[in-house]
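Student: with the input below, show me the fold.
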Amino acid sequence: MTGQKTASGFDENVAAALSYGVGWITGLLFFVTEPQNTFVRFHAMQSILVFGTACVAFVVCLSIPFLGWILSIFVFYGSAALWLILMFKAYQGERFKLPVVGDIAERRMTNP
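Tutor: Model prediction:
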């Protein structure tokens, strides 16, 4: 990691970690406001994809009586665990790529 500053004024590892802060919302914010830094854009796009999907899955699960409610617990705790792991990895300066989503994020970070 080079420790270079981003358009937001943060070090790139801090900006990448913050892109996971409030899920897809901060991911979208950093993706839009960070035009040059591919490290931050990658983590921002991965945040949008992972937590946007988790948010939709959670709402769908909650709309299904009983079985869906049980599944929503797994979605909630699974996304909380992912949130912690992804923030930690980004802060460490690692370009931690999740299966499938990481590849999509990598393609999208350069082609908005």
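Student: which residues sit in contact with residue 26?
Tutor: Neighbour list for residue 26: 18-20, 44, 47 [criterion: Cβ atoms under 8 Å, 6 or more residues apart in numbering]. For the C-beta atoms, the positions are set from N, CA and C on the backbone; glycine is no exception.
Student: residue 89 now?
Tutor: Per Cβ under 8 Å, 6+ apart, neighbours of residue 89: residue 96.
Student: got the buried residues for the helix or strand that contains it?
Tutor: Counting by DSSP states H and E, the element that carries residue 89 is helix 67-91. By 16 or more other Cβ atoms under 10 Å, the buried positions in helix 67-91 come out as 71-72, 75, 79, 82-83, 86-87, 89-91.
Student: show me which of those residues is closest to residue 33.
Tutor: Closest to residue 33 out of the buried residues of helix 67-91 is residue 90 (16.3 Å), distances taken as Cβ to Cβ.
Student: which elements pack onto the worst-scoring helix or strand of the chain on mean pLDDT?
Tutor: Lowest by mean pLDDT, DSSP states H and E among the helices and strands of the chain is helix 101-110, with a mean of 85. Counting contacts by 3 or more Cβ pairs under 8 Å, 6 or more residues apart in numbering; DSSP states H and E, helix 101-110 is packed against helix 38-62.
Student: quick one: buried residues of the helix it packs on?
Tutor: Buried residues in helix 38-62, counted by 16+ other Cβ under 10 Å: 39-51, 54, 57-58, 61.
Student: spatially central residue in the chain, please.
Tutor: residue 47 (1.4 Å; Cα atoms, centre = their mean).
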